[in-house]
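Sequence first, predicted model second:
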Amino acid sequence: QVQFVESGGGWVQPGGSLKLSCVASGLRFSQNLFSLHTMAWYRQAPGKERDLVAIITGDGNTTYAYFVKGRFTVSRTNAENTVYLQMNSLNPEDTGVYYCNRAGATQDDYWGQGTQVTVSS
């Protein structure tokens, strides 16, 4: 069974920054298999569906949703089964619960608890 543990969320004022972390574990990610997986960050705002935020391939190629491009940076450390999301110039529309998972994950896949990000003054 896979497991994702997200952390690093919190409250921040508009214009502020946060860096999220996600550690993946489980058989699917064991024995250096993590680098084979394209990983992604998602977010779910209150009352809305979960949206894809950023994707990173095993060798570090990245893709971003238009609403975070230029402000967020996704990275990973394969040796530590960890994915990061550096978020700058945050605005209230970035408020939500942030999750990591494999790219293309669906509601039927396992999801972690996520980490809450709140942007307000």
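Yep, that arrived. Numbering: from 1, shown residues only.

hey, where'd the strands end up in this structure?
Counting by DSSP state E, the chain has strands at residues 3-7, 10-12, 18-25, 39-44, 50-56, 62-64, 72-77, 82-87, 96-102, 115-119.

can I get those strands in TSV with mean pLDDT?
Shown next, in TSV, are the strands of the chain (pLDDT from 0 to 100):
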stretch	mean pLDDT
strand 3-7	96
strand 10-12	98
strand 18-25	97
strand 39-44	98
strand 50-56	98
strand 62-64	98
strand 72-77	98
strand 82-87	98
strand 96-102	97
strand 115-119	98
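
Adding distance to residue 108, write these out as TSV.
For the C-beta atoms, the positions are set from N, CA and C on the backbone; glycine is no exception. Below are these laid out as TSV (distance: least, C-beta to C-beta, whole Å):
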stretch	distance to residue 108
strand 3-7	15
strand 10-12	30
strand 18-25	18
strand 39-44	14
strand 50-56	13
strand 62-64	23
strand 72-77	24
strand 82-87	21
strand 96-102	12
strand 115-119	22
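
Which among those strands is found nearest to residue 33?
Nearest to residue 33 among those is strand 18-25; the distance by C-beta to C-beta comes to 9.9 Å.

re earlier: with mean neighbour count as added columns, please give the strands of the chain in CSV.
Below are those laid out as CSV (neighbours: other C-beta atoms under 10 Å):
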stretch, mean neighbour count
strand 3-7, 18
strand 10-12, 14
strand 18-25, 20
strand 39-44, 23
strand 50-56, 20
strand 62-64, 15
strand 72-77, 18
strand 82-87, 21
strand 96-102, 22
strand 115-119, 18
